[in-house]
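Visitor: no sequence on hand, only this structure:
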């Protein structure tokens, strides 16, 4: 199987998820006796192409153009379509980043192809690739297959594969081949302006040894205080899944997950968090995870070391009482 | 400003999901449905843009007969009319065929702006908005946290990863996918609910649109995911469970 791996960079800095997707590509290439062409796209990114060539793959395609200096969905889709039509891969792999989410469906549709996005794994069975992704916010998994002709376009969720398992090139370096693409300024309709961060984050959750995290199960803003009390007694910080911050019950800088902070504390105590993938990617590296949820099938229990199936409004006060007594 | 907003009906968040015998979908018969939460933010944004700039908001939903309820809720909140793209087996469509159908149903409306939620809480492919833009030949921007309408264009705040944002300028007409949390969706008022009864919902049979719907991909089966980690479940009364958990965290996991 011929695989085209499209990496992501910003201002000549890698998005490291690219290497997780490379690890996936290497695994699929090995199982299908295939080959990998890695794509580096942007402007002034030759050094990254050279670095990528040091990994186990057949070739690196360096796609540079003045109009690719800054990301735009129009520019990247048009350029990558030309690269795909030239390279004629069976499988196109991309990391499931915010940027890829912004252009990959467009790229696929411009070639009348489907895209299976946000995959957390795959299986190779009887010569066929089956992609696994979550549905219903992680409450079910789904096996999804392509039914049409190649190229098949797939994106892999962050932390679905391990970047540290990526193989280096055993025989020195792969060839770096520049690929010319044709782009005209009028093709690019959106204009990226400045990038910025909101006011400096008041709290660095990555440094907290213990985190008590609340999700939808907390039900109402007045119940946050109970969780805050528990966090204080444990010597930790309070944080939350996205919906809680969307509601304004806790500030956005307390949000854990793909759009918030990524943490790996000694203890992560999840209260009423179902465990959608967008949340789990931000906390699954925690050393110990304990979860309290009323639904025994909640996906949070897939990553939890300890679980209590029950009513957090009964269990949290009991935890508070026990901690107060042991002081 | 004429705004089309795509709203999807999905299983209620707390609905107990059972896998259908075919294995390819859930049993729909015994669960309740609700408006996809991310789409509620898109609808609210559309209503606010209309309040500020005038115009019309049209709520578009594809699905079986029950999907009309989601359109009615949008009308009760202030949308002016609805389009129901009817298909009893719409769950079988892949993202591209879904988007082609919606695009065909919306094309002649010539919307200045089309809004969708970021993704649906059921299949969660998160592709519809971007696909609509491509199919209708419009520019797009995704994961939007603020919209400023200028002369013939918009200045948009896009969310990026890890706390970063980006300003981007997009000409109208365009398609945007709205990030959850951009606003606080309103509730329907009693007056709104009464007014909605007089508002028009046009039904279009999806099959009559004549769009190619040969699937590019197929959900072979859905299932309860296998655990990657062995969870030790702690049982007992709340008091006992709390004491046991603290004991385990202190002495077994050494996390306290």
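Guide: Alright, I've got the coordinates. In this text the structure is predicted, and so the values were computed from the model without any measurement.

Visitor: what residues does the stretch 151-300 of chain A have near chain B?
Guide: Residues of the stretch 151-300 of chain A lying near chain B by CB under 8 Å from any CB of the partner chain: A:189-198, A:201, A:210, A:216, A:234, A:242-243, A:245-248, A:252-253, A:258-262, A:266-267, A:287-288, A:290-291, A:296-297, A:299. The C-beta positions use only the backbone N, C-alpha and C, and glycine is treated the same way.

Visitor: helices along the stretch 51-200 of chain B, start to end?
Guide: With DSSP state H, counting those that start in this stretch as the definition, the stretch 51-200 of chain B shows helices at residue ranges B:68-77, B:95-106, B:128-136, B:190-196.

Visitor: ah, wrong one, I meant chain A
Guide: Per DSSP state H, chain A has helices spanning A:17-31, A:46-52, A:73-87, A:98-110, A:224-234, A:242-246, A:277-280, A:312-325. These are given in chain order.

Visitor: residue B:125: which of those helices is closest?
Guide: Taking CB to CB as the measure, these were each checked against residue B:125, and helix A:98-110 came out nearest at 8.2 Å.

Visitor: before we move on, back to that, just the residues of the stretch 151-300 of chain A next to chain B: which are in strands?
Guide: When strands are assigned by DSSP state E, the members of those inside them are A:191, A:192, A:193, A:194, A:195, A:196, A:197, A:210, A:267, A:288, A:290, A:291.

Visitor: low-confidence stretches in the stretch 101-250 of chain B?
Guide: By pLDDT under 70, the weakly predicted segments of the stretch 101-250 of chain B are B:227-228.

Visitor: rerun at 80
Guide: B:162-163, B:225-229 (pLDDT under 80).

Visitor: so what's whichever residue of it sits closest to chain A up against?
Guide: The shortest separation between the stretch 101-250 of chain B and chain A is 2.7 Å, found at residue B:216 (distances taken as CB to the nearest CB). Taking CB atoms under 8 Å, 6 or more residues apart in numbering or on different chains, we find residue B:216 in contact with A:112, A:113, A:114, A:146, A:147, A:148, B:94, B:96, B:97.

Visitor: what residue ranges in the stretch 201-327 of chain A are flagged as low confidence?
Guide: Where the stretch 201-327 of chain A drops to pLDDT under 80, the residues are A:201-204, A:327.

Visitor: now do the contacts for the residue of the stretch 151-300 of chain A found nearest chain B.
Guide: Of all residues in the stretch 151-300 of chain A, residue A:246 sits closest to chain B, with a separation of 3.3 Å (CB to the nearest CB). Taking CB under 8 Å, 6+ apart as the definition of contact, the neighbours of residue A:246 are B:180, B:181.

Visitor: I'd like the distance between it and residue B:181.
Guide: In this view, residue A:246 and residue B:181 are 3 Å apart by CB to CB, to the nearest Å.

Visitor: quick check: which of the helices of the stretch 51-200 of chain B is buried the most?
Guide: The highest average neighbour count among those, using mean count of other CB atoms under 10 Å in any protein chain shown, belongs to helix B:128-136 at a mean of 26.

Visitor: which elements pack onto that helix?
Guide: helix A:98-110, strand B:2-6, helix B:95-106, strand B:113-117, strand B:140-149, strand B:174-178 (3 or more CB pairs under 8 Å, 6 or more residues apart in numbering or on different chains; DSSP states H and E).

Visitor: on that earlier part again, including distance to residue A:322 and neighbour count, could the ones in strands among the residues of the stretch 151-300 of chain A next to chain B go into JSON lines?
Guide: JSON lines is the format used below for these (distance: CB to CB, whole Å; neighbours: other CB atoms under 10 Å in any protein chain shown):
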{"residue": "A:191", "distance to residue A:322": "57", "neighbour count": "15"}
{"residue": "A:192", "distance to residue A:322": "53", "neighbour count": "17"}
{"residue": "A:193", "distance to residue A:322": "53", "neighbour count": "14"}
{"residue": "A:194", "distance to residue A:322": "50", "neighbour count": "8"}
{"residue": "A:195", "distance to residue A:322": "47", "neighbour count": "15"}
{"residue": "A:196", "distance to residue A:322": "45", "neighbour count": "12"}
{"residue": "A:197", "distance to residue A:322": "40", "neighbour count": "11"}
{"residue": "A:210", "distance to residue A:322": "16", "neighbour count": "19"}
{"residue": "A:267", "distance to residue A:322": "15", "neighbour count": "24"}
{"residue": "A:288", "distance to residue A:322": "18", "neighbour count": "20"}
{"residue": "A:290", "distance to residue A:322": "14", "neighbour count": "26"}
{"residue": "A:291", "distance to residue A:322": "18", "neighbour count": "28"}
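
Visitor: how about those in CSV, adding distance to residue B:84?
Guide: Written out in CSV, the entries for these read as follows (distance: CB to CB, whole Å):
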residue, distance to residue B:84
A:191, 36
A:192, 37
A:193, 38
A:194, 42
A:195, 40
A:196, 41
A:197, 42
A:210, 50
A:267, 49
A:288, 49
A:290, 45
A:291, 40
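
Visitor: chain A contacts on the stretch 1-150 of chain B?
Guide: For the stretch 1-150 of chain B, the residues in contact with chain A (CB under 8 Å from any CB) are B:11, B:13, B:17, B:19, B:26, B:37, B:94-96, B:99, B:121-127, B:130-131, B:133-135, B:139-143.

Visitor: so chain A: which segments form each domain?
Guide: Domain assignment for chain A, taken from automatic domain parsing, gives A:2-187, A:205-325.

Visitor: pick the most buried one from these.
Guide: domain A:205-325 (a mean of 21).

Visitor: so what's residue 195 up against?
Guide: Assuming you mean chain A. Neighbouring residues of residue A:195 by CB under 8 Å, 6+ apart: B:160, B:164, B:165, B:166.

Visitor: other chain: chain B
Guide: By CB under 8 Å, 6+ apart, residue B:195 lies in contact with B:75, B:76.

Visitor: before we move on, what about the one 4 residues further on?
Guide: When the contact criterion is CB under 8 Å, 6+ apart, the partners of residue B:199 are B:75, B:79, B:80, B:81, B:82.

Visitor: which residues does residue B:222 form a beta bridge with?
Guide: For residue B:222, the beta-bridge assignment (DSSP bridges) gives partners residue A:142.

Visitor: surely it is in contact with residue A:144?
Guide: No: Residue B:222 is not in contact with residue A:144 according to CB atoms under 8 Å; the separation is 9.5 Å.

Visitor: quick one on the thing from earlier: can you put the contacts of residue B:199 in a markdown table and add distance to residue A:313?
Guide: Formatted as a markdown table, the entries for these read as follows, by distance: CB to CB, whole Å:
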| residue | distance to residue A:313 |
| --- | --- |
| B:75 | 36 |
| B:79 | 37 |
| B:80 | 42 |
| B:81 | 43 |
| B:82 | 39 |
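
Visitor: out of those, who has the most neighbours?
Guide: Tallying neighbours with other CB atoms under 10 Å in any protein chain shown puts residue B:79 at the head of those, with 27 neighbours.

Visitor: may I ask you to confirm that that one is in contact with residue B:58?
Guide: Yes: in this structure, residue B:79 is within contact of residue B:58 by CB under 8 Å, at 6.7 Å.

Visitor: what do those two both touch?
Guide: Shared between the contact lists of residue B:79 and residue B:58 (criterion: CB under 8 Å, 6+ apart) are residues residue B:5.

Visitor: model confidence at the nearest residue to residue A:74 once chain neighbours are set aside, what's the number?
Guide: The shortest distance from residue A:74 to any residue that is not its chain neighbour, by CB to CB, 6 or more residues apart in numbering or on different chains, is 4.6 Å, and that residue is residue A:188. The per-residue pLDDT reported for residue A:188 equals 97.

Visitor: how about the contacts of residue A:195, which pair is most distant?
Guide: Based on CB to CB, the longest span within those runs between B:164 and B:166 and measures 7.1 Å.

Visitor: looking at these two, which is more packed in?
Guide: Neighbours of residue B:164 and residue B:166, each counted by other CB under 10 Å, are more numerous for residue B:166; the result is 20 against 15.
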